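Engineer: Next one to model:
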Amino acid sequence: MTKIIALTNQKGGVGKTTTAVNLAASLAALDRRVLLVDLDPQGHATMGSGADKHDLDGSVLDVVLGDKKPTEVILDCPQAGYALLPGNGDLTAAEVELLAGGDGRERKLVTALAELSGEYDVVLIDCPPSLNMLTVNALTAADGVLIPLQCEFYALEGLSALLDTVEQIKDSVNPQIEIFGILRTMFDARNSLTRDVSKQLRDYFGDALLKTTIPRNIRVAEAPSHGLPVTKYARFSRGSQAHRVLAKELIRRLSL
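Structural biologist: Numbering: from 1, shown residues only. Model prediction:
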């Protein structure tokens, strides 16, 4: 059975897209059939997967608006090892149309992904860094949420707002949605604030806080410019190894 995971945090710069790309590649390397959905108008997950967001025959926009089937748009990313439903700046138009879409506007992605039932073991959705209608569509379609989080003071405030949104989605349109995990990114255990925030997260969220942490690593930062996940660009780097550990933890946790 396909597990749909939305990676979301309305705060930008927390490593959300980096996590999406590298987790997709790490799960694929562990023999899971993976689809990465780029629902962020910035299109960074598309570029990081080796596709050109400026030269697409179709994108997730066409799928969300019902103009094309997912199978007409999905790209194979052989170097990365997974399939990609690409996105780019055209998604801004989807946001406008969804806002004016009336009843059922939050279920457009649910309908699209239903056509792929059983084709993949895992679907990862890279959400925009905001709580807009695209994000609502992702949360409505998802079985659970993975929240990348940088260990800093303001991150905790943003996390509270995101959790409130997830609860609203749970109460209204998607009662099955869960918090699959909170992932600490750009992690530096030498930093006292990092340690303090980690303790607060552990005390408050308990088992929801993943054991795996993703360290700051130059190879992780370099990989997107080569159109590759870090697991392919620098497979023995600390960043690559951390994402493999993350994939294994999620496989155990979620029975993927």
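Engineer: which residues in the stretch 151-256 of the chain form helices?
Structural biologist: Secondary structure of the stretch 151-256 of the chain, counting by DSSP state H, counting those that start in this stretch: helices at 153-172, 192-205, 218-222, 230-233, 238-254.
Engineer: any idea which of those is most buried?
Structural biologist: When you average the neighbours per residue for each of these (mean count of other CB atoms under 10 Å), helix 230-233 leads with a mean of 24. Where you see a C-beta, it was placed from the backbone N, CA and C, and this is true even at glycine.
Engineer: Determine the set of other helices and strands touching it.
Structural biologist: When contacts are defined as 3 or more CB pairs under 8 Å, 6 or more residues apart in numbering; DSSP states H and E, helix 230-233 packs onto helix 16-29, helix 218-222, helix 238-254.
Engineer: re earlier: closest one to residue 22 among the helices of the stretch 151-256 of the chain?
Structural biologist: Closest to residue 22 of these is helix 238-254 (CB to CB; 4.1 Å).
Engineer: Need the residues that contact the closest one.
Structural biologist: Residues from elsewhere that reach helix 238-254, judged by CB atoms under 8 Å, 6 or more residues apart in numbering: 3, 19, 22-23, 25-27, 29-30, 32, 144, 146, 180-181, 183, 210-215, 217, 219-220, 229-231, 233-234, 256.
Engineer: go again using 6 Å as the cut-off
Structural biologist: Surrounding helix 238-254, the residues in contact under the criterion CB atoms under 6 Å, 6 or more residues apart in numbering are 3, 22, 26-27, 30, 212, 214-215, 217, 219-220, 230-231, 234.
Engineer: Report the buried members of those.
Structural biologist: The neighbour-count test (16 or more other CB atoms under 10 Å) marks 3, 22, 26-27, 212, 214-215, 217, 220, 230-231, 234 as buried among the contacts of helix 238-254.
Engineer: what would those look like in CSV with pLDDT and distance to residue 196?
Structural biologist: Putting the buried ones among the contacts of helix 238-254 into CSV (pLDDT from 0 to 100; distance: CB to CB, whole Å) gives the following:
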residue, pLDDT, distance to residue 196
3, 97, 33
22, 97, 27
26, 98, 29
27, 98, 32
212, 97, 20
214, 96, 19
215, 94, 18
217, 92, 22
220, 93, 24
230, 96, 28
231, 92, 31
234, 95, 31
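Engineer: Contact partners for residue 41?
Structural biologist: Residues 89, 91-92 are the ones in contact with residue 41 under the rule CB under 6 Å, 6+ apart.
Engineer: Give me the subset of those that lies in helices.
Structural biologist: Counting by DSSP state H, the contacts of residue 41 place 91-92 in helices.
Engineer: Including pLDDT, neighbour count and distance to residue 13, could the contacts of residue 41 go into TSV?
Structural biologist: Conversion of these to TSV gives the following (pLDDT from 0 to 100; neighbours: other CB atoms under 10 Å; distance: CB to CB, whole Å):
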residue	pLDDT	neighbour count	distance to residue 13
89	90	13	19
91	90	22	19
92	86	14	20
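Engineer: Out of the contacts of residue 41, which is nearest to residue 156?
Structural biologist: The shortest distance between residue 156 and any of the contacts of residue 41, using CB to CB, involves residue 91 and amounts to 28.7 Å.
Engineer: nearest residue to that closest one other than its sequence neighbours?
Structural biologist: Once its chain neighbours are removed from consideration, residue 91 has its nearest residue in residue 41; the separation is 4.1 Å (CB to CB, 6 or more residues apart in numbering).
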